[in-house]
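Asker: with the sequence up front, the predicted model follows.
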Amino acid sequence: MNPINWKITAQEGKARTGVLQTRRSTIETPVFMPVGTQGTVKGVRYEFLEDEMDARIILGNTYHLWLRPGVEVIRSLGGLHKFSTWNRSLLTDSGGFQVFSLSDLRKLSEEGVEFKSHLDGTKMFLSPEISMEIQAALGAEIVMVFDECPKGDATLEETKKSLDMTVRWAQRSKDKFNELQASGMDTGNPMQSAKWKMQNEENLKSEICNLESLSGKQSLFGIIQGAGHLNLRRESLEKTVEIGFDGYAIGGLSVGEKKSVMYEVLDFIAHQMPENAPRYLMGVGTPEDLVEAVFHGVDMFDCVMPTRNGRTGSAFVSTGRVNIRNAKFAKQSEPLDSECPCSVCKRYSRAYLRHLYQANEMLAAMLISHHNLAFFLDTMRKVRQSIKFGEFAKFRNNFRSNLKENEKNIDGE
RNA sequence: GCAAGGGUGGUCGAGCGGUUAAUGGCAUCGGGCUGUAAACCCGACGGAGUAACAUCCUACAUAGGUUCAAAUCCUAUCCCUUGCA
């Protein structure tokens, strides 16, 4: 039995829409997963993510939760789901990205990575094995292997070296992962509880979801690296698939390389990834990036942009971006995006949001983050719909021409 | 009225004879943010002028003065704060 179930329901070109079933939620793909690094999607309550936006899966981060509040705290409170009250699916990143983003604070070796905690400078050691242990304690539905993410413009030699280690780390991750699953260290399995069975009555034997075919365990995804070097991407793919995972991710994009490199890699690698497993593009991206990646056959995404940009005054809208700080919005009574169905756009004007932002009110960050997430999730909903009806090409054209229109007008006025 | 301390660019506030429109904070304006060390970071911020420089103006309450040189020293005037009457 598998820990997850993955089924394509419609295809158009390389783009596919499908259903990913985990032990906790049914996830329609392509899907955008909001990032909740420290056990919270910054500035946005779970109530909104569940009820209004209907997000089915969010991220958590091994490194951050390991440092604070610590594995023991989370384990003793029953895992990240119980601790945070997020009962739908979770994907935890392995800390691999922090090897890249905290590069000033770490020392790398074959065994693993020594970090100086960004909180207080304490020396911490993270390895594939430790990452797997932490992720078992967190109890996510999808666990990521511990990888090394080289810089976007890494040379062939650097990338090759890094990639070889990532492959070895992937094998070690899988070995440890299996051991932990066998010994029941995962905190997240809900499938024995009567309450869960009642809630999922419909899905238990459903044609698409069929929960009874699930093992109740965590799933593990491998990560393809290789920076901008196509031959290395290919090599990484082959070696990762050889080890064998429940899903496959493309890592190491949008980490400083040129945009054209990202698209080149996507175009080259995405469709070569196993057809019958979900394909996850890590850390990407802008709405237009998502649509392009779907076009190349990607199924899953996560990105901090909706929340980070939301906090820093930048809203994503169907015509491009709105920088709410701009003086030209001071008297605009229209919402961020008049086509957006979210509760922020239904109620609040650009003028009011700008006022809140300028006045340093935390609600500004919350409302714009909320809108951005709603916009991302709604965009993915439209993407899925259009693939289902064979209209994705049309959708993609319209989407892109709306953005181009904006380049002429600047900020959708 | 007397005494003491003050009046600096949108604002608060440094500077107290010698590059330079004059440190810094705030405000304002603009840009950035892609598996979150980010409610953050970067830039502009007297006026005119230039694609950008250059180059002109106008500036440290007001008016005089001393000096090669003044926001900085002197005199007068106006205003503010505090204390005493």
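Answerer: Received, thanks. Numbers count the residues shown, from 1 in each chain, chains lettered A, B, ... in the order given.
Asker: can the lowest-mean-pLDDT helix or strand in chain A be said to contact RNA strand B?
Answerer: The helix or strand of chain A with the poorest confidence is helix A:392-409; it has a mean of 84 (mean pLDDT, DSSP states H and E). No. Under the criterion of Cβ under 7 Å from any atom of the strand, RNA strand B is not reached by helix A:392-409; the shortest gap measures 11.1 Å. Bear in mind the C-beta positions are built from the backbone N, C-alpha and C, glycine included.
Asker: give me the buried positions along that helix.
Answerer: Using 16 or more other Cβ atoms under 10 Å as the test for burial, helix A:392-409 gives A:F392, A:F395, A:R396, A:F399, A:N402, A:L403, A:N406.
Asker: what's the answer for stretch A:204-214, then?
Answerer: Buried residues in stretch A:204-214, counted by 16+ other Cβ under 10 Å: A:C209, A:L211, A:L214.
Asker: that one: end-to-end distance?
Answerer: 10 Å (Cα to Cα, to the nearest Å).
Asker: what parts of the stretch 51-200 of chain A come near RNA strand B?
Answerer: Counting by Cβ under 7 Å from any atom of the strand, the stretch 51-200 of chain A sits next to RNA strand B at A:59, A:61, A:64, A:93-94, A:96-98, A:100-102, A:104-105, A:118, A:144, A:147, A:149.
Asker: quick one: buried ones out of the residues you listed?
Answerer: With burial judged by 16+ other Cβ under 10 Å, the buried subset of these is A:59, A:61, A:64, A:93-94, A:96-98, A:100, A:102, A:105, A:118, A:144, A:147, A:149.
Asker: next step: those residues restricted to strands.
Answerer: A:L59, A:N61, A:D93, A:M144 (DSSP state E).
Asker: wait, the third one touches A:H64, no?
Answerer: Translated: A:D93. No. Contact criterion Cβ atoms under 8 Å: A:D93 and A:H64 do not qualify, at 9.2 Å.
Asker: what's the closest non-adjacent residue to A:L156?
Answerer: Spatial nearest neighbour of A:L156, excluding adjacent residues (Cβ to Cβ, 6 or more residues apart in numbering): A:H229 at 5.5 Å.
Asker: that older thread, chain center to the least confident helix or strand of chain A, what's the gap?
Answerer: The chain centre lies 24 Å from the centre of helix A:392-409; the measure is Cα atoms, centre = their mean, to the nearest Å.
Asker: render the CA-only coordinates of it in CSV, please.
Answerer: Output of helix A:392-409 as CSV, limited to C-alpha atoms (Å, rounded to 0.1, in the frame of the first residue of the first chain):
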residue,chain,number,x,y,z
PHE,A,392,-5.6,25.6,-20.8
ALA,A,393,-3.9,27.0,-23.9
LYS,A,394,-6.5,29.7,-24.1
PHE,A,395,-6.3,30.4,-20.4
ARG,A,396,-2.5,30.7,-20.6
ASN,A,397,-2.8,33.2,-23.5
ASN,A,398,-5.3,35.3,-21.8
PHE,A,399,-3.4,35.2,-18.5
ARG,A,400,-0.3,36.4,-20.3
SER,A,401,-1.9,39.1,-22.3
ASN,A,402,-3.5,40.5,-19.2
LEU,A,403,-0.1,40.9,-17.7
LYS,A,404,1.3,42.3,-20.9
GLU,A,405,-1.5,44.8,-20.9
ASN,A,406,-0.3,45.9,-17.5
GLU,A,407,3.2,46.5,-18.6
LYS,A,408,1.8,49.3,-20.8
ASN,A,409,-0.4,50.8,-18.1
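Asker: report all helices and strands that it contacts.
Answerer: In terms of contacts (3 or more Cβ pairs under 8 Å, 6 or more residues apart in numbering; DSSP states H and E), helix A:392-409 is packed against helix A:287-295, strand A:320-323, helix A:362-388.
Asker: tell me the contacts of A:D186?
Answerer: By Cβ atoms under 8 Å, 6 or more residues apart in numbering, the residues touching A:D186 are A:A136, A:G139, A:L180, A:K217, A:Q218.
Asker: and the first one, how far from A:L220?
Answerer: Counting by Cβ to Cβ, to the nearest Å, the gap from A:A136 to A:L220 is 11 Å.
Asker: contact partners of the least confident helix or strand of chain A?
Answerer: If you take Cβ under 8 Å, 6+ apart as the criterion, helix A:392-409 is touched by A:12-13, A:15, A:287-288, A:291, A:294-295, A:318-321, A:379, A:382-383, A:386, A:412.
Asker: buried subset of those residues, written for ChimeraX?
Answerer: With 16+ other Cβ under 10 Å as the criterion, this ChimeraX line picks the buried residues out of the contacts of helix A:392-409:
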select /A:12,15,287,288,291,294,295,318,319,320,321,379,382,383,386,412
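Asker: leaving out sequence neighbours, find the closest residue to whichever residue of the stretch 101-250 of chain A sits closest to RNA strand B.
Answerer: Across the stretch 101-250 of chain A, the shortest distance to RNA strand B (Cβ to the nearest atom of the strand) belongs to A:C149, at 2.5 Å. Excluding the flanking residues, the one nearest A:C149 by Cβ to Cβ, 6+ apart is A:F100, at 3.9 Å.
Asker: list the contacts of that neighbour.
Answerer: A:E148, A:C149, A:P150, A:K151, A:V255.
Asker: now those residues in JSON lines, with distance to A:E28?
Answerer: Below are the contacts of A:F100 laid out as JSON lines (distance: Cβ to Cβ, whole Å):
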{"residue": "A:E148", "distance to A:E28": "32"}
{"residue": "A:C149", "distance to A:E28": "28"}
{"residue": "A:P150", "distance to A:E28": "33"}
{"residue": "A:K151", "distance to A:E28": "34"}
{"residue": "A:V255", "distance to A:E28": "28"}
